[in-house]
Structures are given as C-alpha cells and as structure tokens.
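**Student:** Predicted structure and sequence below. I'll ask about it afterward.
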Amino acid sequence: MPGKLITDKDDQPLNVEGHPGKKRSTPFAADWDGDGDSDILCGDSSGSVWLFVNAGTKQNFAFSERQQVSCAGGPVKRYGFSQPVMADWDQDGKSDLLVADYWGSIVWYRNEAATSSASPSFAKPVVLIEPYTDEREKKEGVKADCPFRNFRFTVADCDGDGLLDLVIADERKNASRRSSGPTEAEHAKIDSMKKRNDVIAKELKAIRDRAWKNNLKDFKKDEFDLTEKEMADLKERVLAAIRKDDRYRPLQRESDRLNERIGILTDPPYNVSWLWFARGVRPVKDDADTKPK
Ligand SMILES: [Ca+2]
Ligand SMILES: [Ca+2]
Ligand SMILES: [Ca+2]
C-alpha cells in the first residue's frame, strides 16, 4: 500500500526535528484532546516529544502546528531518541505518558488532568526502568540479564494479571550471553579448529612452494638473479599453477569457514537487539536521581 504524506493546513509535511542529520522519529497515535479522532505524538532524536493535534476529522486530517509536550517540571525531554507511548499505567482511567530513550530508561508521566476526556496534564516523571549510564556500564559491564540501551517498547497486560507490562527491544553492544569468555567445551572446539587450520596452512604453503619451485626451473637461474620482468612473469605462472590445483580452493574455503567460526566463539558480534518482558514494573525512583553521566 503506498503511503500518503501527512501534511499540515498549509499542505506542508509534518516535520519532527531532532539533531541535524539524525531523524529517527517515533510516532504514536492517541486521542489527546478526547474529541474522538487520533492525534499524533512523536519522539525525536534530541529526546523531545511533539504533539500534532488533528483539528479536522477522522477521514480528513488537519493537523495543527507541532507543540512540545510538557509536564510539571517543564518540557518532556529525554536523553535522545525518545519514544512516547500513551497508556493508563496506573489504571485510574486517564491515559498516562511513558517515554523510552537512548540510555535505556523508561519513565512514566502520570496524567493528573481532572477528567479522562480533558487534554492530559502530566506530573513530573518517575523512573520505571533505570538508564544504563556510562557509569553503570563501567561498574556492571553490559549485563546479560537486563535490557541495555536504545529502547523501543510497547505496553500491554501480557500475562493477564491485571497489571500493565512492558515489552522492550534493546540495542546491545555485546551479543554474548556469557559473562566470561568461551566455555571449556568451546575452548576445546576452538583448539581443534585451530589445529585443523594449522594443517591446512601447511598444505596451502606446500602447494605454493611446489608451484614456485616447478616454475622457477624453467628460468634456469637462481631466483635472486631474475630480472624484474622475469620475477613478475614467475609470479604470474605460480598464481596460475595454484589456481589449477584442485585442492587449493577447497582448502582455502575450509580455512575461511574455520576462521569465521573461531571468530564467533571468541569475539561475538556487536550491536544486536534482544526482546525483554518486564512484568507490571513499579516506579523505582525519582527521575532526578538517575541522570545519565
Ligand atoms: Ca483528538
Ligand atoms: Ca492513568
Ligand atoms: Ca501484567
């Protein structure tokens, strides 16, 4: 289905600004003003959350100019790449705002408006998931038993216990599920692969040496007495001879595969994304205490 550009009343595209060059904005549709149609909240790369109110109808949008979403303490502003989600977190009948950010925190802004149909009025944020600051990483490393950074998340009562839960996708610097290096069994596997690689390396060298010796014979002089042109000629012949050898390529391929598998076991790939389930998270502390350093 082709997309339809959402435009404002002047027919200009709705623009969510963030840092120059970084535009990973995250929209969330919600009926902000309680008039029955969907309005749009949008987080941006700088950590702000913007609101576009639909002053038109469900079918014919007419979005007003963007407004920055605020709470009791001032503008809602997180630590980059904010993602807003509206959900009635404390189940008092009024939709609250939850925001995730780059550092992997999720905060909850309680809606303190008088009624559920009034435009929201948010309290100061309280922390549901603490950020993974540099300081914390220095102390704890990249832990394998909790989400890391750069969250995207959704809210639902997944386990049906009546409390809303969080489902989080993080971005991890280190994909390893181990806190230390390879296990004993993996070390044994690595050793046996390295041994096989040594054998292959010797066979490959023998093929190259033989090709060199055989082709050098045709020049009828010592290799140190060859002219520059003769040396280039010899190298070309050696390469051709190696390519003709039936064993060379399969051995080379086997060695590449072994090196790749050794690499995976000893140096895991970086920047993967894992999914996490956080059951009915209660506020952990005031946001002022968790500022990333
Ligand atoms: Ca609306
Ligand atoms: Ca609420
Ligand atoms: Ca639940």
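**Tutor:** Looks like it arrived, so ask away. Ligands and ions are numbered 1, 2, ... in the order given.
**Student:** Next to ligand 3, which bits of the chain? Give me the list.
**Tutor:** Contacts of the chain with ligand 3, taken as Cβ under 5 Å from the ion, map to 157, 159, 161, 163, 165, 280. C-betas here are computed from N, CA, C, even on glycine.
**Student:** now do 6 Å
**Tutor:** Contacts of the chain with ligand 3, taken as Cβ under 6 Å from the ion, map to 157-159, 161, 163, 165, 279-280.
**Student:** For the buried ones among the residues you listed, write the corresponding PyMOL selection.
**Tutor:** Buried members of the residues of the chain next to ligand 3, defined by 16 or more other Cβ atoms under 10 Å, are picked up in PyMOL with:
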select buried, resi 158+165
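**Student:** shaky segments in the protein?
**Tutor:** For the chain, the stretches flagged by pLDDT under 70 are 1, 18, 20-22, 174-181, 267-271, 293.
**Student:** Please enumerate the helices of it.
**Tutor:** With DSSP state H, the ranges of helices along the chain come out as 134-140, 184-217, 228-244, 248-266.
**Student:** Dump these into TSV; add mean neighbour count as well.
**Tutor:** As requested, the helices of the chain are exported to TSV (neighbours: other Cβ atoms under 10 Å):
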stretch	mean neighbour count
helix 134-140	12
helix 184-217	13
helix 228-244	13
helix 248-266	14
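**Student:** In TSV: those, plus distance to ligand 1.
**Tutor:** Below are the helices of the chain laid out as TSV (distance: least, Cβ to the ion, whole Å):
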stretch	distance to ligand 1
helix 134-140	39
helix 184-217	56
helix 228-244	69
helix 248-266	50
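**Student:** Pull the distance from stretch 102-111 to the chain's centre.
**Tutor:** In terms of Cα atoms, centre = their mean, to the nearest Å, the centre of stretch 102-111 is found 18 Å from the chain centre.
**Student:** what about it, near ligand 2?
**Tutor:** Yes - between stretch 102-111 and ligand 2, judged by Cβ under 6 Å from the ion, the touching residues are Asn111.
**Student:** how about that stretch as CSV, C-alpha atoms only?
**Tutor:** Extracted as CSV, the C-alpha positions of stretch 102-111 are listed here (Å, rounded to 0.1, in the frame of the first residue of the first chain):
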residue,chain,number,x,y,z
TYR,A,102,18.7,6.3,24.1
TRP,A,103,20.1,5.4,27.5
GLY,A,104,17.6,2.7,28.0
SER,A,105,15.4,4.4,30.6
ILE,A,106,11.6,4.3,30.6
VAL,A,107,9.8,7.0,32.6
TRP,A,108,6.2,7.4,33.5
TYR,A,109,4.4,10.8,33.4
ARG,A,110,1.2,10.4,35.4
ASN,A,111,-1.8,12.1,33.9
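**Student:** what residues are up against Lys77?
**Tutor:** Residues in contact with Lys77, defined by Cβ atoms under 8 Å, 6 or more residues apart in numbering, are 46-48.
**Student:** How about the spatially most central residue of the chain, nearest residue that isn't a chain neighbour?
**Tutor:** Centroid-nearest residue in the chain, with Cα atoms, centre = their mean: Glu171, separated by 3.6 Å. Excluding the flanking residues, the one nearest Glu171 by Cβ to Cβ, 6 or more residues apart in numbering is Asn150, at 3.7 Å.
**Student:** what about the strands in the stretch 1-150 of the chain?
**Tutor:** Using DSSP state E, counting those that start in this stretch, the strands of the stretch 1-150 of the chain run over 26-30, 39-43, 49-52, 67-68, 70-71, 74-75, 83-87, 96-100, 106-109, 126-129, 149-156.
**Student:** what pairs with whatever residue of the stretch 51-200 of the chain ends up closest to ligand 1 across the strands?
**Tutor:** Taking Cβ to the ion, ligand 1 has its nearest neighbour within the stretch 51-200 of the chain at Asn54, 5.4 Å off. Applying DSSP bridges to Asn54 gives these bridge partners: Phe63.
**Student:** Let's see stretch 232-248 as PDB, backbone CA atoms only.
**Tutor:** The C-alpha trace of stretch 232-248 is given here as PDB (Å, rounded to 0.1, in the frame of the first residue of the first chain):
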ATOM      1  CA  ALA A 232      56.800 -10.700 -12.500                       C
ATOM      2  CA  ASP A 233      56.400 -13.500 -15.100                       C
ATOM      3  CA  LEU A 234      57.300 -16.100 -12.500                       C
ATOM      4  CA  LYS A 235      54.700 -14.800 -10.000                       C
ATOM      5  CA  GLU A 236      52.000 -14.900 -12.700                       C
ATOM      6  CA  ARG A 237      52.900 -18.500 -13.600                       C
ATOM      7  CA  VAL A 238      52.900 -19.500  -9.900                       C
ATOM      8  CA  LEU A 239      49.400 -18.000  -9.400                       C
ATOM      9  CA  ALA A 240      48.100 -19.800 -12.500                       C
ATOM     10  CA  ALA A 241      49.500 -23.100 -11.200                       C
ATOM     11  CA  ILE A 242      48.000 -22.600  -7.800                       C
ATOM     12  CA  ARG A 243      44.600 -21.900  -9.400                       C
ATOM     13  CA  LYS A 244      44.800 -25.100 -11.400                       C
ATOM     14  CA  ASP A 245      45.500 -27.200  -8.300                       C
ATOM     15  CA  ASP A 246      42.200 -28.900  -7.300                       C
ATOM     16  CA  ARG A 247      43.000 -28.900  -3.600                       C
ATOM     17  CA  TYR A 248      43.900 -25.200  -3.200                       C
END
